[in-house]
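Visitor: need coordinates for the following:
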Amino acid sequence: MKKVININFQGRVIPIEESAYDILKQYVDSLRKFFANEEGRDEIINDIEGRIAELFGESLKKGATCITEETVNGIIASMGRPEDFEGEESNVKSQLGGEGKQSQSSYQFSPNDAPRGRLYRDDNDKLLGGVCSGVANYLRLDPTIVRLVLALIAFLGGSGILLYILLWIILPSKPLVNTVSTKRLYRNPDEKVIAGVASGISAYFDIAVWIPRLIFVFPLVTGVISSIFRHSFWWDGDPFPGIVFGSFGGTLFIVYAILWAVIPEANSASEKLEMRGERVDLNTIKNTIQEDLEGFKSRAEKWGGEVSAKAQEFGSEVKQTFTEKGAQFGSEMQFVAKKSKFSIFKVFGFIFKAFFLFIAGVIAFALLVALLAFLVAGVGVFPLKNFFLEGFWQNFLAWSTLLLFLGVPVVAFTTWVIRRIMGVKSGNKSIGFTFAGMWVLGLISALTLAFLISENFDARAREKAELTIKQPATGKMIVTVPESKVKVYGRWLKLDGLISMTDDSLFLNNVRIHLIKSKDSLFHIESTKYSNGSDESSALKNIKEMNYGINQQDSTVYLDRGFSVQRGTKFRNQGVVITIQIPVGKRILIDKKVQRRLNHFSLNNGRNDWDSDEDWNDYYGWDSDVEYVMTTGGLERIKDNKKIDKVESTDQDNDGVSDAVEEYKKSKEELRKEYEKKQKEAEELKKELDKPVDTTQYKYKKAVVLNTESGNKSNASTKKPVQQEEELLETPKLLLMQMVL
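Guide: Here you go, the predicted structure:
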């Protein structure tokens, strides 16, 4: 019988036999003596103890009740004893160069070449059913990799769960011996850029680290660039573009996040050795820790030297700058003070020079951001150039404006930021002059392009046409826009409600509706097409190529959704104005589709527009889905066939009168209902009075009226019984009449 005790070893509660604990204690003490003079001895001992604790945990996880002497001796044999390395270390030191050290530190573990045999579920290393660990044992891989692959399959398609259940049912279970290489998948903290996932994968598969990084980054970057261009060309897209979640790069982004969360980081020396597939023993752990310490020391010394050099350089620059600026400031102040007493304003101007320079820098940065926005917008609307620009020079100047005027400042600023971050300094000022010269050329190109384009909009023409329509039989006209039977999805560009463009045409919704009073008793519809051009003949030519239709069915007027501008025809601010004349007493309703589908815009400035000279007082404002009636006073809104208020009237007194009228109507209606109710009750009472009276229900007897006055006594005594009966019968009738009255 052996005594079992519980110990706290590297943060783990380990049940261990007392004799095994004595062996472990002696082993750890020998390690402390062996590494007493080594650099980083505490880290070496701590990592060796951590590795032993991991092996203890694996043994307990496989079903062992406690740690026995055999388990401790096996771990010590795999880790190695200090005396085993003394002779080997002396041999290494006696060899020339670092050849022996290299052979010692690159001791690789070769996987077992035994036949694989049958596929089982592993009972020793299972989280759920042992399927992943069994497949990993069969393929001689790290179980973490198989679990990650299965999780990704389940996450992306859902079939991974079904596959796991089928293998769980089909495969038999068996405790398997771990014949897998000691190489494990970890995140590498030494060569990480974000989380060390790519460098950990490169260490596991023994490939260059740039390969997995390129696999993760390249699809994401291309997705971002394609998304920017795509959503610049299609402006009606999803507000959450597929930069992260809608492409293969987005899938790899999710994979990277999952790997970051699942794969542990190799912090200890034994974990780093497992990551590289090297044998984990005392010597390799010692070499790994010492390499880390030497690397950290060299990096710290290098960083300290750089910081010291930068500090000295910065101090000398600051000292020199302040010396020069101070002397310059003193000379300027002395010159200004001697010049005149009124030159004090120059002193204040010089003092606030730095402040103004700061403000100028902020403005320059804001302009740069604006230029970047214009650059992106210019790329987005660049397909419009085929419908907007004409001739070689306009296209050439457009490219020059985009690349030189908008693109050069962005490139120059980006270059400056990168050079500042990398600490690159150059005394050659030719780069700055080159960027400045290119930007000036871009500015000249932009101004020239604006001048040439403005010449194409100098003249303006219009063409009116009155349509023949049938008068609505009900006296009410409905204006709407029909639904399109064809859906176009291959658009390059769409500015919601204004412009949409396909491969060979530009579709414009530039249509305006005016409502005015008719001069007679009939409805009239007038269509006016207008366009700009370099001269009147070109403007009229553009109008002739416009095709806008208006159809009528009964009392409903259907307006086209817009008109097309073909590739051969340039955009010259073409538009249509529909004027509807409404006779007095007739009604009109404009459907909400009109306001949603048709939108007016103009590129002309100020009063260059032809309809700016029209009398706007003759036009009435309107809202969609609201019925109006034309009166002698103008267009009025209709609600429930009752006239409520004028569209353009905002007089509060009229609103008060309208409320009073409504209140009066309401009171009158309540009085009428109350009168009808009383009249009905009176009729029911009258019917009740007309019924024959049942005299048997009244019982009465003669009464003798005692009165001291003889006259009254004689009168009472002289009444006959029949007369008294009639008086009693009249009593309920009188009561009923009083109730009615």
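
Visitor: and Ala539, what does it touch?
Guide: Applying Cβ atoms under 8 Å, 6 or more residues apart in numbering to Ala539 gives the contacts Ala459, Arg460, Ala461, Ser531, Asn532, Gly533, Arg572. Yep, even glycine has a C-beta here, placed from its N, CA and C like the rest.

Visitor: just the ones of these in strands?
Guide: Ala459, Arg460, Ala461, Ser531, Asn532, Gly533 (DSSP state E).

Visitor: for the fourth one, which residues are in contact?
Guide: For Ser531, the contact set (Cβ under 8 Å, 6+ apart) comprises Arg460, Ala461, Ala539, Leu540, Asn542, Ile543, Met546, Arg572, Asn573, Gln574, Gly575.

Visitor: excluding sequence neighbours, find me the nearest residue to it.
Guide: Closest residue to Ser531 apart from its sequence neighbours, by Cβ to Cβ, 6 or more residues apart in numbering: Asn542 at 3.9 Å.

Visitor: and that neighbour, how many neighbours?
Guide: Residues contacting Asn542 under the criterion other Cβ atoms under 10 Å number 22.

Visitor: please apply the same query to Pro472.
Guide: Pro472 has 18 nearby residues by other Cβ under 10 Å.

Visitor: wait, it sits on Gln552?
Guide: No. Using Cβ atoms under 8 Å, Pro472 is not in contact with Gln552, being 9.3 Å away.

Visitor: may I see the contacts of Ala539 organised as JSON lines, with distance to His514 and pLDDT added?
Guide: Shown next, in JSON lines, are these (distance: Cβ to Cβ, whole Å; pLDDT from 0 to 100):
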{"residue": "Ala459", "distance to His514": "24", "pLDDT": "84"}
{"residue": "Arg460", "distance to His514": "18", "pLDDT": "83"}
{"residue": "Ala461", "distance to His514": "19", "pLDDT": "86"}
{"residue": "Ser531", "distance to His514": "18", "pLDDT": "86"}
{"residue": "Asn532", "distance to His514": "20", "pLDDT": "86"}
{"residue": "Gly533", "distance to His514": "24", "pLDDT": "84"}
{"residue": "Arg572", "distance to His514": "22", "pLDDT": "81"}
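
Visitor: between these, which has the most around it?
Guide: Ser531 (26 neighbours).

Visitor: can you give me the distance of that one to Gly437?
Guide: Distance of Ser531 to Gly437, given as Cβ to Cβ, to the nearest Å: 40 Å.

Visitor: with adjacent residues omitted, what lies nearest to Lys464?
Guide: Counting by Cβ to Cβ, 6+ apart, Lys464 lies nearest to Thr528, which is 4.9 Å off, once chain neighbours are set aside.

Visitor: beta-bridge partners for that neighbour, please?
Guide: Lys464, Val577 (DSSP bridges).

Visitor: the one 5 residues further on too?
Guide: On the basis of DSSP bridges, Gly533 is bridged to Ala459.

Visitor: that's a helix at the residue nearest to Ser531, yeah?
Guide: Yes. Asn542: assigned to a helix according to DSSP: H, G, I helix; E, B strand; the rest coil.

Visitor: got phi/psi on Arg587?
Guide: Here is the backbone geometry of Arg587 (degrees, to the nearest 10): phi -120, psi 160.

Visitor: er, Met546 actually
Guide: phi -80, psi 140.

Visitor: what are the ranges of the helices in the stretch 501-650 of the chain?
Guide: 536-544, 592-597 (DSSP state H, counting those that start in this stretch).

Visitor: buried stuff in the first one?
Guide: Within helix 536-544, the residues that count as buried by 16 or more other Cβ atoms under 10 Å are Ser538, Ala539, Leu540, Asn542, Ile543.

Visitor: spit out the contact partners of the first one.
Guide: The reference is to Ser538. Counted by Cβ under 8 Å, 6+ apart, Ser538 has contacts Ala459, Arg572.

Visitor: the fourth one too?
Guide: With Cβ under 8 Å, 6+ apart as the criterion, the residues that contact Asn542 are Ser531, Asn532, Gly533, Thr569, Lys570, Arg572, Gln574.

Visitor: next one: the first one from Thr569, what distance?
Guide: In this view, Ser531 and Thr569 are 10 Å apart by Cβ to Cβ.

Visitor: and the helices in the stretch 101-250 of the chain, which stretches?
Guide: 131-139, 143-156, 159-170, 197-205, 210-233, 248-262.

Visitor: the first one to helix 159-170, inter-axis angle?
Guide: This points to helix 131-139. 80 degrees (axes from the mean of the first three to the mean of the last three Cα atoms, to 10 degrees).

Visitor: what sits up against helix 131-139?
Guide: 116, 119-122, 124-127, 142-143, 145-147, 150, 164, 167-168, 171, 173, 176, 178-180.

Visitor: show me where the stretch 201-350 of the chain dips below the pLDDT cut-off.
Guide: 220-251, 268-270, 273, 276-350 (pLDDT under 70).

Visitor: CA-only coordinates of stretch 582-592 in PDB, if you can.
Guide: Taking C-alpha atoms only, stretch 582-592 is exported to PDB below (Å, rounded to 0.1, in the frame of the first residue of the first chain):
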ATOM      1  CA  ILE A 582     -57.200  72.600 -64.400                       C
ATOM      2  CA  PRO A 583     -60.600  74.300 -65.000                       C
ATOM      3  CA  VAL A 584     -62.500  75.800 -62.100                       C
ATOM      4  CA  GLY A 585     -64.700  73.300 -60.200                       C
ATOM      5  CA  LYS A 586     -62.700  70.200 -61.500                       C
ATOM      6  CA  ARG A 587     -60.400  68.000 -59.400                       C
ATOM      7  CA  ILE A 588     -57.000  66.500 -59.700                       C
ATOM      8  CA  LEU A 589     -54.900  63.900 -57.800                       C
ATOM      9  CA  ILE A 590     -51.200  63.200 -58.400                       C
ATOM     10  CA  ASP A 591     -50.100  59.700 -57.300                       C
ATOM     11  CA  LYS A 592     -47.200  59.200 -55.000                       C
END
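
Visitor: name the residues of it that are buried.
Guide: So, applying 16+ other Cβ under 10 Å, buried residues of stretch 582-592: Ile582, Pro583, Lys586, Arg587, Ile588, Leu589, Ile590, Asp591.

Visitor: which strand residues bridge the residue lying closest to the last one once chain neighbours are set aside?
Guide: Nearest in space to Asp591, with sequence neighbours left out and distances taken as Cβ to Cβ, 6+ apart, is Thr480 at 3.7 Å. Per DSSP bridges, the residues bridged to Thr480 are Tyr558.

Visitor: Thr480 contacts Asp560, doesn't it?
Guide: No. Taking contacts as Cβ under 8 Å, Thr480 lies outside contact range of Asp560: 11.4 Å.

Visitor: how deep is the closest residue to Pro583 other than its chain neighbours tucked in, by neighbour count?
Guide: Using Cβ to Cβ, 6+ apart and skipping the chain neighbours, the partner closest in space to Pro583 is Ser518 (4.2 Å). Applying other Cβ under 10 Å, we find 15 residues neighbouring Ser518.

Visitor: check the one 4 residues further on too.
Guide: Neighbouring residues of Leu522 were enumerated by other Cβ under 10 Å; the total is 12.

Visitor: likewise Ser564?
Guide: Neighbour tally, Ser564, other Cβ under 10 Å: 16.

Visitor: quick one: contacts for it?
Guide: Ser505, Leu506, Phe507, Leu508, Asn547.

Visitor: just flag the most distant two among the residues you listed.
Guide: Using Cβ to Cβ, the pair of the contacts of Ser564 lying farthest apart is Leu506 and Asn547, separated by 13.3 Å.

Visitor: will you turn the contacts of Ala539 into a markdown table that also has distance to Arg596?
Guide: Below are the contacts of Ala539 laid out as a markdown table (distance: Cβ to Cβ, whole Å):
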| residue | distance to Arg596 |
| --- | --- |
| Ala459 | 33 |
| Arg460 | 28 |
| Ala461 | 30 |
| Ser531 | 25 |
| Asn532 | 27 |
| Gly533 | 31 |
| Arg572 | 26 |
